[in-house]
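coords below, sequence missing:
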Ligand code: DGL
């Protein structure tokens, strides 16, 4: 049995790479749903259906624990699937299976607090937040921004952090296609500037809240001032998965170092940008 990793495309490779570093002997199967990518501008219903079908494909391919290496799927679909579909999948497959998201570990990293912590609210600070406190910017897809998941969940835990999500529609699609770096750096700089104009200054911390953006993390770092700290999801997710496996020894996990990469889209070699990020050419098999 393997650890499954799901994304709409190549963005989840950023999480996969960190997970395989952390669990080098474990078996992994990666599914890129490139037939449906990008998903960040689709309806909630479509995102739930796409995520469910992707997870089912990964369970069929032998995954027992699936990491949704996709903020959009984690924000929109995860809770819905965990309520009824995952228990049904457990019964159908006759073995322990689960689906985990990447937003909880990211919020833990951004707040420095465990997910179980919820601050006692003395009152609303909303009107003061713009000036008074540390600002966290979240660059993400339209669907993640509309969900306001980062604003809501960070606000529950840290009254002193103001959160502003900046939707970057189109950016994941360009990264998926391996667009030239010159084009990507202009798009990234535009989004960084749009956030600065909206909040009146640059954020103190920035979350790359779409796994595709981690592939071009250095473009975000170049567009943001040096003083802005980037929060990287892959290491936060690997830390959380380590703790999860300590608490849940019930999953069967193979140790044959299996590395399968599946796509619902066009099989074969991925873009030069992916090879560069990966450090070697990477080819996907048909799902
Ligand atoms: N990589 C995904 C995310 O983290 C989705 C990008 C997309 O398909 O729009 O949100």
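Alright, I've got the coordinates. None of the values given here were measured: they were computed from a predicted structure. Numbering: from 1, shown residues only.

C-alpha from now on. contacts and neighbour counts both.
Will do.

what's the spacing between the residue in the stretch 151-287 of the chain that the ligand sits nearest to and residue 47?
Nearest residue of the stretch 151-287 of the chain to the ligand (C-alpha to the nearest ligand atom) works out as residue 210 at 3.2 Å. Distance, residue 210 to residue 47, using C-alpha to C-alpha, to the nearest Å: 15 Å.

do the same with residue 18
In terms of C-alpha to C-alpha, residue 18 sits 25 Å off from residue 47.

Provide the secondary structure category for residue 67.
Here residue 67 is recorded as strand under DSSP: H, G, I helix; E, B strand; the rest coil.

and it, what are its bridge partners?
Beta-bridge pairing of residue 67 under DSSP bridges involves residue 5, residue 100.

and it, what does it touch?
Residues near residue 67 by C-alpha atoms under 8 Å, 6 or more residues apart in numbering: 3, 4, 5, 6, 99, 100, 101, 102.

The first one belongs to a helix, doesn't it?
No - counting by three-state DSSP, residue 3 falls outside a helix, being strand.

Can you report how many residues lie near the residue lying closest to it once chain neighbours are set aside?
Counting by C-alpha to C-alpha, 6 or more residues apart in numbering, residue 3 lies nearest to residue 28, which is 4.8 Å off, once chain neighbours are set aside. Applying other C-alpha atoms under 10 Å, we find 28 residues neighbouring residue 28.

And residue 28, its phi and psi?
Note on residue 28: backbone dihedrals following degrees, to the nearest 10 are phi -130, psi 140.

Equivalent analysis for residue 163, please.
Main-chain torsions, residue 163, degrees, to the nearest 10: phi -120, psi 130.

Might you report the residue contacts of it?
Counting by C-alpha under 8 Å, 6+ apart, residue 163 has contacts 135, 136, 137, 138, 150, 151, 154, 155.

Swap in 7 Å and give it another go.
Applying C-alpha atoms under 7 Å, 6 or more residues apart in numbering, we find residue 163 in contact with 135, 136, 137, 151.

Give the next helix or strand downstream of the lowest-mean-pLDDT helix or strand in the chain.
Ranked by mean pLDDT, DSSP states H and E, the weakest helix or strand in the chain is helix 129-132, scoring a mean of 50. Sequence order places strand 134-140 as the next helix or strand after helix 129-132, per DSSP states H and E.

what's the nearest residue to residue 275 if we skip its chain neighbours?
What sits nearest to residue 275 in space, not counting adjacent residues and going by C-alpha to C-alpha, 6+ apart, is residue 281, at 4.5 Å.

Which parts of the stretch 1-150 of the chain are helices?
Ranges of helices within the stretch 1-150 of the chain are 13-22, 44-60, 71-76, 78-80, 86-93, 103-111, 129-132, 142-147, 149-157, based on DSSP state H, counting those that start in this stretch.

hang on, the earlier thing: residue 18 and residue 47: which has the busier surroundings?
Remark: of residue 18 and residue 47, residue 47 carries more neighbours, 24 against 18, as counted by other C-alpha under 10 Å.

This completes my enquiry, with thanks.
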